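>>> Model the following, please.
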Amino acid sequence: MSTSLSPAPAPSTLDKRDWIAGLEKGLSMIECFDDANPRLTASQAGLRCGLSRTAARRYLLTLEHLGYVAGDGKLFWLTPRVLRLGQSYLESARLPRIVQPFLQRVTAGTQESAYVSVMDGDDIIYLARNGPNRAMNTGYVLGARVQAQVTAAGMLMLSMRAPEWQDNWLATRDLKAYTSFTITSKDRMQVELARVRSQGWALSEQQLELNHRGIAVPLRDHHGDVVGALSVTMPMGHESSEDAVARVLSVLNETAQAMRNLI
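Numbers count the residues shown, from 1 in each chain. Model prediction:
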């Protein structure tokens, strides 16, 4: 049984004859929009994508013609049509389609919001959720991306990487502070990752949002390989960390085990 996530995929070697540069640039143009840059001029988009203003404008106008971008003659922004790309994944990938009944089981057993997430680069992506919507400044909505190290699910999946991968990751990343409790010390992060790996589950408190905690366990396929994380989030209230773990960890572990043969 594997105890580690597979190494992060290295860039594939693709024959030059098979490479479509325009597709790469068009996708990078879509990805250059984010919460800090919801509207961009052609010059700004080009700067973020490494393109000239003229080239960026052509890509943006093409995307506008296809319905993925809208503009007012100066600024451009994404349209809801972009969600089709993510929806295509959610409808075609096996994992998001089979986990919902199990998330309902977790919610029924814990009365907390339950999630399945996977790693993508430095982030985790929430593929499925179930449970009540609670007020959080950073909402864990379907398809949301969150930096891995500030969530229980992300800490769990980071801890399952090979030690050499972790060392390289820590050496090349700046740990951003979201709250006064966020771990920004690389030495402390290394200790935390080792602890999570050793115990086989993760607890994260007030790393991304004040007064909220998350608890996560690994989600393994039938080969024993870690493919994601099953987690719950909750307001901290007056419940201690120990009581919260005692209340939900067994439900998470039992549900993850039940899912194993189906993944």
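>>> Show the average pLDDT along stretch 80-90.
Computed over stretch 80-90, the mean pLDDT rounds to 86.
>>> Tally up the residues packed near residue 183, please.
If you count neighbours by other C-beta atoms under 10 Å, residue 183 ends up with 18. For glycine as for every other residue, the C-beta is placed from the backbone atoms N, C-alpha and C.
>>> now do residue 130
Using other C-beta under 10 Å, residue 130 has 19 neighbouring residues.
>>> Residues in a beta bridge with it, which ones?
As for beta bridges, residue 130 partners with residue 114 under DSSP bridges.
>>> From what I see, it and residue 100 are in contact.
Yes - using C-beta atoms under 8 Å, residue 130 makes contact with residue 100 at a distance of 6.6 Å.
>>> which regions of the stretch 1-150 of the chain lie under the pLDDT threshold?
For the stretch 1-150 of the chain, the stretches with pLDDT under 70 are 1-12, 133-141.
>>> ok, which stretches of the chain are strands?
Taking DSSP state E as the test, the strands found in the chain are 40-41, 69-71, 75-78, 113-120, 123-130, 145-147, 202-205, 212-220, 226-235.
>>> just checking, what packs against the fourth one?
In terms of contacts (3 or more C-beta pairs under 8 Å, 6 or more residues apart in numbering; DSSP states H and E), strand 113-120 is packed against helix 94-98, helix 100-110, strand 123-130, helix 152-159, strand 226-235.
>>> closest to residue 16 out of the strands of the chain?
Taking C-beta to C-beta, strand 113-120 is the member of the strands of the chain nearest to residue 16, at 26.5 Å.
>>> Pull the residues that contact that closest one.
Strand 113-120 is contacted from outside by 5, 8, 95-96, 99, 103-104, 106-107, 124-134, 140, 145, 148, 151, 153-154, 157-158, 219, 227-234, using C-beta atoms under 8 Å, 6 or more residues apart in numbering.
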